[in-house]
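Chemist: with the sequence up front, the predicted model follows.
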Amino acid sequence: MTVVKSTLPEDARRVAGDALQSTLVDLLGLSLTGKQAHWNIVGPRFRSIHLQLDEVVATAREYADTVAERSAALGLPPDGRPETIASAFTLPGPKEGWVRDSEVVEVMVESLEAAIKRLRERIEATEKADPVTQDLLIGITAELEKQRWMFDAENWPREH
């Protein structure tokens, strides 16, 4: 059932919809990863990283809403149900229990890098299909790259 009509041809809508749904899963999962690390971080850099994690979570949640609304505008119902996120999320996340501050930084760098890599693939895929969706994905990528840089800077000098 299509409730909202799209201005895109069906093939382009499908490409954009796939990119948006995958991005929604990544962003919602990233927000959960950030909160899990936020609640369980320990170590001398607790406070600064704790606060930085809140920035990532807020960014991921805000963009998740924008991505979901873009999908809905294209006549594609976004799926952010817990079971969907749990079954489709593949980005790295923290281990269970307390996590050292240095480990939190590493997992956030890895998770953000993986999300950015996937976003860049979606940017390429949506170039001709839907430049509006592509533009949204470019903006998300820029922000996640900034967040990755900030976490990566926490590792200087390199601990390994």
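Modeler: Looks like it came in fine.
Chemist: going by C-alpha atoms from here, please, whenever you check contacts or count neighbours.
Modeler: Will do.
Chemist: all strands in this protein, in order from the N-terminus.
Modeler: 41-42, 99-100 (DSSP state E).
Chemist: tell me which of the ones you listed sits most buried.
Modeler: Comparing these by mean neighbour count (mean count of other Cα atoms under 10 Å), strand 41-42 ranks first with a mean of 22.
Chemist: list the strands paired with that one, with their directions.
Modeler: strand 99-100 (parallel) (DSSP bridges).
Chemist: picking up where we left off before, got CSV for the strands of the chain, with mean pLDDT and distance to Ala12 too?
Modeler: Output for the strands of the chain, formatted as CSV (pLDDT from 0 to 100; distance: least, Cα to Cα, whole Å):
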stretch, mean pLDDT, distance to Ala12
strand 41-42, 97, 43
strand 99-100, 97, 43
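Chemist: contact partners for the residue nearest to Ile123 when sequence neighbours are not counted?
Modeler: Closest residue in space to Ile123, ignoring its immediate chain neighbours: Gln134 at 5.2 Å, by Cα to Cα, 6 or more residues apart in numbering. Residues near Gln134 by Cα atoms under 8 Å, 6 or more residues apart in numbering: 122-124, 126-127.
Chemist: go with 6 Å
Modeler: Taking Cα atoms under 6 Å, 6 or more residues apart in numbering, we find Gln134 in contact with 123, 126-127.
Chemist: need the strands of the chain in TSV with distance to Val107, can you?
Modeler: Shown next, in TSV, are the strands of the chain (distance: least, Cα to Cα, whole Å):
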stretch	distance to Val107
strand 41-42	12
strand 99-100	10
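Chemist: and the gap between the residue most central in space within the chain and Ser71?
Modeler: Closest to where the C-alpha atoms of the chain average out (Cα atoms, centre = their mean) is Leu27, at 2.9 Å. Using Cα to Cα, to the nearest Å, Leu27 is found at 14 Å from Ser71.
Chemist: returning to what we had before: what's the pLDDT at the residue nearest to Ile123?
Modeler: The model reports Gln134 with a pLDDT of 98.
Chemist: i'd like the first residue to be 44 from this point on
Modeler: Shifting the count to begin at 44 puts that one at Gln177.
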